[in-house]
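S.K.: Build me a model from this:
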Amino acid sequence: MNNDLNNERRGIMLVLSSPSGAGKTSLSRELLKKNKKLFLSISCTTRPNRPGEINGSDYYFIDKNEFNVMQENDAFLETAKVFDFYYGTPKKPIEEALSSGKDILFDIDWQGTQQLMNSLQDDLIKVFVLPPSAKELEKRLLKRNQDSDEIVKNRMSKASNEISHYAEYDYIIVNDNFEDSVNKIESILTAEGLKRSRQTKVRDIINDLLDDL
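M.R.: Okay, here's the model as predicted:
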């Protein structure tokens, strides 16, 4: 019998949320690179792809009509409208992954997180990532050179509303030092995976131990 409890458990839904520019996407990429048992939840979106983004890898880029059909068929775990575009997490692949013991990483905002809380609360671990300062947040948004000055201004104006939802999350990380932030999130994932409620074989192991005592 395999007595490695951490390999005999139900999967975890690890949510990373933050105001745009705080670093959650970079953190997500590093976590996925370091942890081969962690897989990215790929969302559908109606927004156009940014430079370097690949359909089916970063997002499923679909039009609004296709999105509406999926929503009507209850095919999403959560949906959100962000900056005039729609996002949604397909339901079926997530449920299959959790049942097989895979950990799934979600790079979503507070709206999507609230909806996940209503459907799969027991599988959910929520981490909110903060920038070290408003000045640093604006610097990061400008540095990535993906959005116009007007869009950067809009993202900054909405940051306070996004940050106001911090209390809905289990853990808060200030992303001042990138490597330190990655290590903290890895520690959270390890500890949560060892919870008794997630270890599907713990009863069998306890019974075997008691039989031998």
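
S.K.: how far out from the middle of the chain is stretch 134-148?
M.R.: Mean-position distance between stretch 134-148 and its chain equals 22 Å (C-alpha atoms, centre = their mean, to the nearest Å).

S.K.: Work out for me the element the residue nearest the centre of the chain sits within.
M.R.: For the chain, the residue sitting closest to the mean C-alpha position, by C-alpha atoms, centre = their mean, is residue 106 at 2.0 Å. Assigned by DSSP states H and E, residue 106 belongs to strand 103-107.

S.K.: Just the C-alpha atoms of that strand, please, in CSV.
M.R.: Extracted in CSV, the C-alpha atoms of strand 103-107 (Å, rounded to 0.1, in the frame of the first residue of the first chain):
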residue,chain,number,x,y,z
ASP,A,103,-3.8,20.7,-8.4
ILE,A,104,-5.3,23.5,-10.6
LEU,A,105,-4.0,27.0,-10.6
PHE,A,106,-6.5,29.8,-11.3
ASP,A,107,-5.4,33.3,-12.4
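
S.K.: Report all helices and strands that it contacts.
M.R.: strand 13-17, helix 24-34, strand 38-40, helix 91-99, helix 110-119 (3 or more C-beta pairs under 8 Å, 6 or more residues apart in numbering; DSSP states H and E). In this view, the C-beta of every residue, glycine as well, is placed from N, C-alpha and C.

S.K.: Report the beta-bridge partners for the residue nearest to the centre of the chain.
M.R.: Beta bridges link residue 106 to residue 15, judged by DSSP bridges.

S.K.: Pull the contacting residues for it.
M.R.: 13-16, 41, 89, 112-113, 116 (C-beta atoms under 8 Å, 6 or more residues apart in numbering).

S.K.: which residue ranges form the helices in the chain?
M.R.: Applying DSSP state H to the chain gives helices spanning 24-34, 64-72, 91-99, 110-119, 134-143, 149-163, 178-193, 202-212.

S.K.: Surely residue 10 is in contact with residue 123?
M.R.: Yes. Counting by C-beta atoms under 8 Å, residue 123 is a contact partner of residue 10 at 6.9 Å.

S.K.: Could you list the low-confidence segments of the protein?
M.R.: 1-7, 144-147 (pLDDT under 70).

S.K.: re the thing from before, using a markdown table, lay out the contacts of residue 106 together with distance to residue 98 and neighbour count.
M.R.: Listed next are the contacts of residue 106 as a markdown table, based on distance: C-beta to C-beta, whole Å; neighbours: other C-beta atoms under 10 Å:
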| residue | distance to residue 98 | neighbour count |
| --- | --- | --- |
| 13 | 7 | 24 |
| 14 | 11 | 25 |
| 15 | 13 | 25 |
| 16 | 17 | 25 |
| 41 | 11 | 21 |
| 89 | 13 | 24 |
| 112 | 17 | 24 |
| 113 | 16 | 23 |
| 116 | 12 | 21 |
